[in-house]
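1. need coordinates for the following:
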Amino acid sequence: MTTARNILLLHCHDLGRFLGAYEVPTVVSPHLDALAAQSALFEGAFATAPHCSPARASLFTGTYPQTNGVLGLTHDPFGWDLTDPSTHLAGRLRAAGYGTELIGVHHESRVLPDDVVAERLGFDRVRSGGDRDTVVERTVEALDRAAASDTPFYLQVGFHEPHRTPSKRDRPGVMGFLGDTVTADDSLGLGIPPYLKDDEGAREEIAELQGAVRHMDEGVGSILAHLDALDLSDDTLVVFTTDHGLALPRAKCTLYDPGLEVALMMRVPGRPDWRARRVEGQVSHVDVLPTLFELVGLPQPADGQGVSLVPVVEQDRPARTHTFGQLTHHIYYDPKRSVRSASHKLIVNFSNAPRAMDPTQSWIRRSLPADLGGSTIGSSPALELYDLARDPHERDNRALDPAYEGVRGELAAALLDWMRATGDPLLGAPPLQRRHQDALTALGDAAHDHGTQPLPGPSAPLCHSLADKAVASPRERETA
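-> Predicted coordinates for the structure are as follows:
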């Protein structure tokens, strides 16, 4: 059964699940809340990485960063890139007869001139960059052209907001969320995430963040209203998601849930099971591409690593047993891997980097993690294990608790199998730090106790791109 043939994929930066539709009552997001009410909303959707480029590369290829090659940021001076740009969703859909266009954020492959990006990824047209109003204006133009054509379209629209944006209103040393056009919003109060200290600095940050989300939501509303005005809504599958979690301490750039959790909703005309549906259970961004292909009646790519969510929604089949996360290189080399079940999470830290990388792009942070005593100084243990039912905010590490030996072994075996299946370079890398080998040994021992084949000693050379990027300055800042 097929329904809508067009695909409008809307995405934004750094949102996590910070929306009214995800039961955050202080966020004003009426347009996305209305879309959610018409959609299947996935309550347990997770990114594959807690930062921009690797997360987006997974979303748009249906493969994990270790496989698609994007283990870090794609703009200079980092320069990570898709190993095979033809695996991008746009190229696959253009080969199937779609008109393809990108507007706004492009950060999933090497940042190059728009015409080069279009040729490499399979877009007919790319117009990257722009603030909310520019993105809306260009999207309206693209929809007008699509309405005049008989060709099905794939339109990929990325909002920069609510990413942190420099502003003359920022205090020295701080980068907030307002830029030059956003107004802070505390009209419904302030929802301070439980992983932050609830103090004046956090309240200032959250008011700005809520304003940025409201600002972005208005842009989504303008695009969806124009889709309706052109009578395209009944023939267009609409997806909304974000890249990863909020740009707050202990969220973005960590493998804790606040770094990996994402909003994900899909409005699918003509398929009643997808309307006004809240889907429980874990799903991953790598599942979006195969889901879209099934919904529009295209064969599944043979090289994908996700699974279609159509049976989950339409046949009530169980969602994923595990979701996986990874961080390798953001502004410095900090390799971590994680596996999450419905009830527990295991994180393996392969370096002695600080416990939580700073995602605020600020020299002076206004908000601080609630569990780190106001500081991120100190390195992570090799293994972290959290009982999510008892400890949903991941504060009580049970990795060394004998009572959790069974669940630790089960998760370690699942993580090790995934790392092997994705060709993870960490498995064959000679350690750049003693911690790397210690973490690898701990992971292998835990998995072996569960009956998994032990790991060999490190022998394969580390890929040059990892080694080169391991020495980048920790004060270099993401710009997109």
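2. wait, a strand at Ser338?
-> Yes. Judged by DSSP: H, G, I helix; E, B strand; the rest coil, Ser338 forms part of a strand.
3. how many residues are close by it?
-> 27 (other CB atoms under 10 Å). Every residue, glycine included, has its C-beta placed from N, CA and C.
4. just the element for Val407, please.
-> Assigned by DSSP states H and E, Val407 falls within helix 405-421.
5. what's the angle from the helix or strand following that helix to helix 405-421?
-> Beyond helix 405-421 on the C-terminal side, the first helix or strand identified by DSSP H and E is helix 434-449. Interaxial angle of helix 434-449 relative to helix 405-421 (axes from the mean of the first three to the mean of the last three CA atoms, to 10 degrees): 110 degrees.
6. contact partners for the residue nearest to Asp438 when sequence neighbours are not counted?
-> Nearest residue to Asp438, sequence neighbours excluded (CB to CB, 6 or more residues apart in numbering): Ala382, at 5.2 Å. Contacts for Ala382 were tallied using CB atoms under 8 Å, 6 or more residues apart in numbering; they are 348-349, 435, 438-439, 442.
7. elements contacting the helix holding Val407?
-> strand 333-340, strand 344-349, strand 383-387, helix 434-449 (3 or more CB pairs under 8 Å, 6 or more residues apart in numbering; DSSP states H and E).
8. and the shortest one, which strands flank it?
-> For strand 383-387, the paired strands and their directions (DSSP bridges) read strand 344-349 (antiparallel).
9. pLDDT below threshold where in the protein?
-> 1-2, 372-377, 429-434, 449, 451-480 (pLDDT under 70).
10. ok so, going back, possible to save the helices and strands packed on helix 405-421 as a markdown table with distance to Trp418?
-> Shown next, in a markdown table, are those (distance: least, CB to CB, whole Å):
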| stretch | distance to Trp418 |
| --- | --- |
| strand 333-340 | 7 |
| strand 344-349 | 11 |
| strand 383-387 | 16 |
| helix 434-449 | 11 |
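11. my guess is Phe123 contacts Leu89. True?
-> No. At 10.1 Å, Phe123 and Leu89 do not qualify as touching, with contact defined as CB atoms under 8 Å.
12. anything in contact with each of these two?
-> Residues touching both Phe123 and Leu89 (CB under 8 Å, 6+ apart) are Gln156.
13. ranges for the helices of the stretch 51-200 of the chain?
-> Per DSSP state H, counting those that start in this stretch, the stretch 51-200 of the chain carries helices over the ranges 52-61, 65-68, 89-95, 114-121, 132-147, 200-229.
14. so for Lys252, which of the ones you listed sits nearest?
-> For the helices of the stretch 51-200 of the chain, the distance to Lys252 is smallest for helix 52-61, at 8.9 Å, taking CB to CB.
15. run the chain-centre distance for that closest one.
-> Per CA atoms, centre = their mean, to the nearest Å, the displacement of helix 52-61 from the mean C-alpha position of its chain is 7 Å.
16. buried stuff in stretch 338-350?
-> 338-342, 344-350 (16 or more other CB atoms under 10 Å).
17. now, the most widely separated pair of those?
-> Ala342 and Phe350 (25.5 Å).
18. and the residue lying closest to Leu264 once chain neighbours are set aside, how far is that from Ser284?
-> Distance criterion CB to CB, 6+ apart; nearest residue to Leu264, sequence neighbours excluded, is Ala45 at 3.7 Å. From Ala45 across to Ser284, the span is 7 Å (CB to CB, to the nearest Å).
19. who has more neighbours out of those two?
-> More crowded of Ala45 and Ser284, by other CB under 10 Å: Ser284, with 30 against 26.
20. relative to Gln300, how far out is the nearest residue to the more buried one once chain neighbours are set aside?
-> Once flanking residues are discounted, Ser284 sits nearest to Thr323: 5.0 Å by CB to CB, 6+ apart. Distance of Thr323 to Gln300, given as CB to CB: 20 Å.
21. which one's more surrounded, the two?
-> A count of neighbours by other CB under 10 Å puts Thr323 above the other of Thr323 and Gln300, at 26 against 14.
22. surely that one is in contact with Arg340?
-> Yes. Counting by CB under 8 Å, Thr323 does reach Arg340; the two are 5.0 Å apart.
23. please enumerate the shared neighbours of those two.
-> Counting by CB under 8 Å, 6+ apart, the residues touching both Thr323 and Arg340 are 46, 260, 282.
24. who wins for neighbours among those residues?
-> Once you tally neighbours by other CB under 10 Å, Leu260 ends up highest among the shared contacts of Thr323 and Arg340, having 30 neighbours.
25. hang on, the earlier thing: JSON lines please, covering the contacts of Ala382 and showing distance to Gly191.
-> Output for the contacts of Ala382, formatted as JSON lines (distance: CB to CB, whole Å):
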{"residue": "Val348", "distance to Gly191": "31"}
{"residue": "Asn349", "distance to Gly191": "30"}
{"residue": "Arg435", "distance to Gly191": "36"}
{"residue": "Asp438", "distance to Gly191": "39"}
{"residue": "Ala439", "distance to Gly191": "35"}
{"residue": "Ala442", "distance to Gly191": "37"}
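26. this completes my enquiry, with thanks.
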